[in-house]
Every structure is written in C-alpha cells, then in structure tokens.
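Colleague: coordinates for the following, if possible.
(one chain, ligands or ions: 1)
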Amino acid sequence: MGLTRVPGLLYGGDYNPEQWPEQVWQQDVRLMAEAGVNIVTVAVFSWSRLEPAPGVYEFDWLDRILDLLHGHGIAVDLATATATPPPWLVRQHPEVQPVDANGTRLEFGSRQGYCPSSPVFRDSTVRLARAMAERYRDHPALVMWHVGNEYGDHTVECFCEESARHFRRWLGDRYGTLDKLNAAWGTSCWGQHYTDWTQLSPPRKAPGPVNPTQVLDWRRFCSDALLACFEAEREVLKEVTPDLPVTTNFMSILHHLDYWKWAAAEDFVSDDAYPDPADPASYLKAALSYDLMRSLKQQPWLLLESAPGAVSWREVNVPKEPGAMRLHGLQALAHGSDGVMFFQWRQARYGPEKFHSAMLPHGGTDTRQWRETLALGADLRRLAEVAGTGTRADVALVLDWDSWWGLEAPESLPSNRLRLHQLLLSWYAPLHARGLAVDLTPPGRDLSAYRVVIAPNLYLCTAGQAAGLAAFPGQLVVGPFSGVVDAADQVHDGGPPGPLRGQLGLRVEEFWPIPDGVDQQLVTGDGTVLTTRTWSEWLTVDDAEVLARYRGGPLDGRPAVTRRGRATYLGCLPEDLTPVLDEVLAAAGLTGTDLPPGVELCRRGDLLFLLNHGTAPATVQLPTTGTDLLTGRHLHGSVHLAPRDAVVLKP
Ligand SMILES: [Zn+2]
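Modeller: Residues are numbered from 1 along each chain as shown. Sure, this is the predicted structure:
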C-alpha cells in the first residue's frame, strides 16, 4: 500500500500554473508526461488568486488545470493555499501579520506572514480549506492534501497581544494555578513572582536574560500554536474528504517544531530537503534528517521538495554537479521516501525564487537539467517495487525537542557550544560510515527493538524518561550534560545526571567547558589518546568502570568515559568516537560493513542501495549476488562505483 493511490514511486514537483499563460500549461503537461511525472503539488501560494475578495472564490483556473493534469495521467497533491494570507485580509485585519520580539509588526510583501494565534487568520484558513475540499472532493486527480507550507519557516513565533492571550491560556492549561506556574518558572529568582495571569507575556525583548523556563514554555507553546493551525485545517479536510491522506511539508531537522507531535497529527510524513551542494558533509546531514522522517511514524515518507540544482536563498548558491540530482533522489529512497519531488516543475521568471533551479529550466528542453529530469523519471520507474518497503534498524539516536530547546536556550548555560544537531551528527557519522541503519527515537518510545540506543545529549531528562532508558535491555550510551534538569528546566536534586545517576553509577560535580581553540587529551585503558574539545566534566564515580581518563589540564587523571553494566557515559566530546563506539557495537554484537569514504549503504526491504557521494571512484564488496535494478546488470563479488553513481541491488 503506497502513501497515495498512485502506484509505484511518486515523481514530480511544485507546479505554479498561475505564474504562466494558459498556452504554456499544454506544454507543461506534455513534458511532465514525457518525464514520467505522476504527481504535482498545486496551489501552495494561491490564496490571493483563489479568493480575491472575502468569500469570493475563483476556482475556474484551478478546475481547468486539475482537469488538464488528470487528462495526462498526472495526480495532484493539492495545497490548501493558506501559506500566504492575501493582501485584502492583511489590510482589513492588520493583526493577522506577526509581531517580532521587539514589538515591530512585520509587513506584507513576502510570504508566510501570519500570527499563528490570530482567530481571524485561523478562521479564514479553515473557510478556504473547506471551500477547496468541497470543490474538489470528487476530482479524480486529487490524491492527497498539502496543508499550509513549511510551518516554522519565516513565521515561528509572534509576540503580539493576541499571541500573549493565547500563551496565557496555554499556560493555564499546563499549570492550572499561578502558584504552580510561579514554582515551575522559579519566579523567586530576580523578583518575577506573578500575582495575576494578565501579567504574563511572551519572552519579548527585555533588558537582560529572560527567565529560561518562560522561554522553554514559549518554545513548547509556539510549536503547539502552529500545530493547531495545521490541525484546524486537517479537521475540515477529514470531515469532507475522509479517505484522502493529509500531510504538510516538514523542514528536515527543525529546531522550532516538535516533529514527534506533528507527525502524530499527519497521515504520512513529508519533507523538504535542501542539502548544500557546496558542503561535502551535506549527504550525511541529509541521511540523518531522512532517517528522522522515516522514524517519525515508523513508515515510508515522501520527499515533497528538493532542488534539482541550485537554490536561491544561500549567500552562494552552488548547482548540483551532473548526476547529483539522481544520486540525491536515490538517497531519499534509500532512507525510506516513497518518491522524489522537487521545487519546482518550471523555473520561475520572476520573484525571489527565479534563480532557484527547476525540473524544466529557463533554457527549456535542450539542457543538461532537462536531460537529468528525464533520466531520473526513467530510473524511478525501474525502482517501482521500492515503494512501501521498510527499514529495520538496530541502532537508535534519542532526539527530544524539550531537551533540545533547553540545551539551546540563550544566555543561561555553562556553554553555548553544545548544539544538538552537531552532537547527533557526531554519533551518526561513524554509524553511517559502517552502513548501520539508524532510527531516531523520542526517549519515551518502546526501545526494545534496538540493540544500541545513544542519547548524544539529554539535558532535560524526567524521571519517567530515565526509567524508560533504565528498562532498555541493550547497550545504552549517554552523552555529556545529560540528566541536568527536569521538565521545568530546574536542576535535579543532587545535580546531574539526576535520575540517570543510579544507572550510570556516577555524579557530575562540575561542568568544565573548554574554551574555543583548546584541546584536552584523554587516554583510554589500552593507551589510545583521544582529543576532546568544547566540553569536559568533573566526574566522581560511585559504581562504574573507568574507560578513559583526562590527561593533562585541570582534570588530569579524572574519569572521562565510564561504563556501568550496559550503560556507557561520556563526560566529554571526543573528536574520534570510534574507540568508544566499537566497544559498544561489539558488546551489542553489531559489526557493520567496511565502506570506502563517501559510499553510503542502506537496506530497504530486501533491496541494497549503494551510493557513491565521494569525489573518487570506489569499489565495494557485495554481501550478496543480485541484479542492479537501475541497469539490469547481474552483479557478484564487488561493484565499481564512479563518483555520484549508484546501485540498487535486488538479491
Ligand atoms: Zn500574534
């Protein structure tokens, strides 16, 4: 069963026919069919064209384009068109536009400018979503709904009075009484004791550091407020078209939205991914975020947007080299996507994204870009059987948004150098290099399917979360600065690692962040010398084996890495995690595969993906004989992969 009723893998992109005269539409659908496009996303930013005046709808053009697409065998991912409120709504109700932390109301003229807490905005989106659902409920082209666009992009938060009232209601639901809120926020500090709910506000620009628990609750609230916008539209769509799947396009590993909560509200996860072609590590970052997408609902997901070549919003927008469009698409499939889609179908002639690449570029069909678009379509038809297959992972990385928000709160931590995405990558990279499949998991999920669970950081760790980790029967690894605070960002009794202390058998007496540019050495039991930067801790071991100790510096001789039973703790951030990881994997009975640098190995169902992201040719030993679905070649022994080449091996 696929994500939609379109068979095989999905191939297509955002299509903005309202930017083109109708005679171009005929050419578009003909070329889409030629390229093997079987789905396009329509109407993402069409609100001002679909509802040019309050309650006045102009659906004729959208009717014609949906009919035309259907006539050429192309399905439609129909957006609810609510991503940018139209000018008339903004002028009639200026309060729809968001206000920044300094109190400045942002102007119209860009996109996604709205206050998530505005009832006018919310009601207007729901009205439009209903009108669209009722108009197109029986249209044969429509196979899925695309709500809003990239929630959290541009508009993450709004500091207006309406948002303040909404925040107070949210706080009322969370705490019930002001006494409980005052206790949780620790308002005895700096004289912040609240005596009336109306005194509470968003963390607007203040003279100095703002209460960190207030900021943490604000982050939770902002994710929930945007989610409520999504859910309000989803409810209408489910009422009118209960059988159509509803999704919204995520933005890879995004700090501001708790995607565990968001994914639970979707029928399937979809993602927009724009790895930077100029960054040699971008394939690794993409792999990590794709694994998150697969893990969110533990099922296939959809790459709903990516760039065929260059984007238009970086300082320097480097195109993709020949073959990279295909390689990056195959990478998404390897990590669980049931399709490859792009922003956008036809390259725009105007607007901020006119230099953003497209499947059909300004230069038309006699271009390298168009030839790659055709070739990828042909490849995806050869890989139809990939759709719907799953991935089994033995290793999981813990990702918790509450903890992330606490860890990266401004102005109140021992160091601002601990960044969760970087910490996740530091563990992900050596696992990925061994071809080991990795899931991401919230700390509260059932972990029994895994053999290794790694929490690169769990700054905020509740007693319940700690109990879940203690019950995990496999190898557990906990990174530094974990178990520090509870759900209210208050330090656990006795200090870190708080509720993890019994399991880890140690206490963290002092944090010892390392200044930029300074190396701290440590030595393992077998004499291997490692370097840690950024962070170290004064550990006191109660009941644990010491695997490595600091050498030199203020912590000379003190424990740096420990193990108690199946639980390994690192009070530091070794640049090379291999010695620690190898021991953990060996204890779990996992070996992995020796892979040349830059080569990625993924399993999906019974298929083996081998992808060469490196700049050099590579030879890879095959674990099995089989047929390369991309070329039809029978392969055995080893396979030679040119840079940006790939194999999808069917045993
Ligand atoms: Zn607001």
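Colleague: which residues of the stretch 301-450 of the chain fall in helices?
Modeller: Here the stretch 301-450 of the chain has its helices, by DSSP state H, counting those that start in this stretch, at 324-334, 368-382, 401-407, 420-433.
Colleague: count of neighbours near Glu18?
Modeller: By other Cβ atoms under 10 Å, the residues close to Glu18 number 15. Where C-beta positions appear, they are placed from N, C-alpha and C, glycine not excepted.
Colleague: pretty sure it sits against Ser46.
Modeller: Yes: counting by Cβ atoms under 8 Å, Glu18 does reach Ser46; the two are 6.0 Å apart.
Colleague: before we move on, back to that, of the helices of the stretch 301-450 of the chain, which is nearest the ion?
Modeller: The ion lies closest to helix 401-407 among the helices of the stretch 301-450 of the chain, at 19.7 Å (Cβ to the ion).
Colleague: check which helices and strands that closest one is in contact with.
Modeller: Helix 401-407 sits against helix 212-240, helix 420-433, with contacts defined as 3 or more Cβ pairs under 8 Å, 6 or more residues apart in numbering; DSSP states H and E.
Colleague: as JSON lines, those helices with distance to the ion, mean neighbour count and mean pLDDT would be great.
Modeller: What follows is the helices and strands packed on helix 401-407, written out as JSON lines (distance: least, Cβ to the ion, whole Å; neighbours: other Cβ atoms under 10 Å; pLDDT from 0 to 100):
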{"stretch": "helix 212-240", "distance to the ion": "9", "mean neighbour count": "21", "mean pLDDT": "98"}
{"stretch": "helix 420-433", "distance to the ion": "27", "mean neighbour count": "20", "mean pLDDT": "98"}
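Colleague: among the helices of the stretch 301-450 of the chain, which comes closest to Gly444?
Modeller: Shortest distance between Gly444 and the helices of the stretch 301-450 of the chain, using Cβ to Cβ, is found for helix 401-407: 10.8 Å.
Colleague: contacts for that closest one next, please.
Modeller: 212, 215-216, 219-220, 223, 255, 257-260, 413, 418, 420, 457-461, 481, 485, 487, 489 (Cβ atoms under 8 Å, 6 or more residues apart in numbering).
Colleague: run a quick neighbour tally on the closest residue to Arg382 other than its chain neighbours.
Modeller: Spatial nearest neighbour of Arg382, excluding adjacent residues (Cβ to Cβ, 6 or more residues apart in numbering): Leu629 at 5.4 Å. Neighbour count for Leu629, taken as other Cβ under 10 Å: 19.
Colleague: from Gly336, how far out is Leu629?
Modeller: Using Cβ to Cβ, to the nearest Å, we find Leu629 at a distance of 17 Å from Gly336.
Colleague: give me the low-pLDDT residue ranges for the protein?
Modeller: 1 (pLDDT under 70).
Colleague: kindly report the residues of it close to the ion.
Modeller: 115, 117, 158, 160, 162-163 (Cβ under 5 Å from the ion).
Colleague: Arg314: how many residues sit nearby?
Modeller: Neighbourhood size, Arg314 [other Cβ under 10 Å]: 12.
Colleague: likewise for Lys297?
Modeller: Lys297 has 15 neighbours, counted by other Cβ under 10 Å.
Colleague: kindly report the same for Asp542.
Modeller: Asp542, neighbours per other Cβ under 10 Å, totals 11.
Colleague: ok, now the one 3 residues further on?
Modeller: Burial measure for Glu545: 14 neighbouring residues, criterion other Cβ under 10 Å.
Colleague: thought it was touching Gly565?
Modeller: No: in this structure, Glu545 is not within contact of Gly565 by Cβ under 8 Å, at 9.4 Å.
Colleague: neighbouring contacts of stretch 261-273?
Modeller: The contact list for stretch 261-273 (Cβ under 8 Å, 6+ apart) reads 3, 146, 150-151, 223-224, 227, 230-231, 234, 245-252, 259, 286, 289-290, 293, 296-297, 299-306, 332, 337, 343.
Colleague: buried set for it?
Modeller: If you call a residue buried by 16 or more other Cβ atoms under 10 Å, then stretch 261-273 has these buried ones: 262-263, 266-273.
Colleague: from those residues, which land in helices?
Modeller: In helices, judged by DSSP state H, the following of the buried residues of stretch 261-273 are found: 262-263.
Colleague: show me what contacts Val452?
Modeller: By Cβ under 8 Å, 6+ apart, Val452 lies in contact with 394-396, 474-477, 584-585, 588, 590.
Colleague: can you flag the buried ones in these?
Modeller: Among these, the ones that count as buried by 16+ other Cβ under 10 Å are 394-396, 474-477, 584-585, 588, 590.
Colleague: re earlier: any idea how far the residue nearest to Arg382 is from the ion?
Modeller: 50 Å (Cβ to the ion, to the nearest Å).
Colleague: which ones are touching His376?
Modeller: Careful, residue 376 is Leu and not His. Contact partners of Leu376, counting by Cβ under 8 Å, 6+ apart, are 11, 325-326, 329, 340.
Colleague: burial of Val453, as a residue count?
Modeller: When counting by other Cβ under 10 Å, one arrives at 24 neighbours for Val453.
Colleague: in which helix or strand does it reside?
Modeller: Element membership for Val453 (DSSP states H and E) is strand 452-455.
Colleague: before we move on, what about Val648?
Modeller: Under the criterion of DSSP H and E, Val648 resides in strand 646-650.
Colleague: I'd like to know which elements that strand is packed against.
Modeller: Judged by 3+ Cβ pairs under 8 Å, 6+ apart, strand 646-650 is in contact with helix 324-334, strand 607-612, strand 626-628.
Colleague: ends of stretch 384-404, what's the gap?
Modeller: This stretch, stretch 384-404, spans 38 Å end to end (Cα to Cα, to the nearest Å).
Colleague: number of residues surrounding Glu385?
Modeller: For Glu385, the neighbour count with other Cβ under 10 Å is 15.
Colleague: roughly how far apart are it and Ala334?
Modeller: Distance of Glu385 to Ala334, given as Cβ to Cβ: 14 Å.
Colleague: same deal with Gly186?
Modeller: As judged by Cβ to Cβ, Gly186 and Ala334 stand 47 Å apart.
Colleague: repeat for His634
Modeller: 21 Å.
Colleague: what of Glu150?
Modeller: Plainly put, Glu150 is 24 Å away from Ala334 if you go by Cβ to Cβ.
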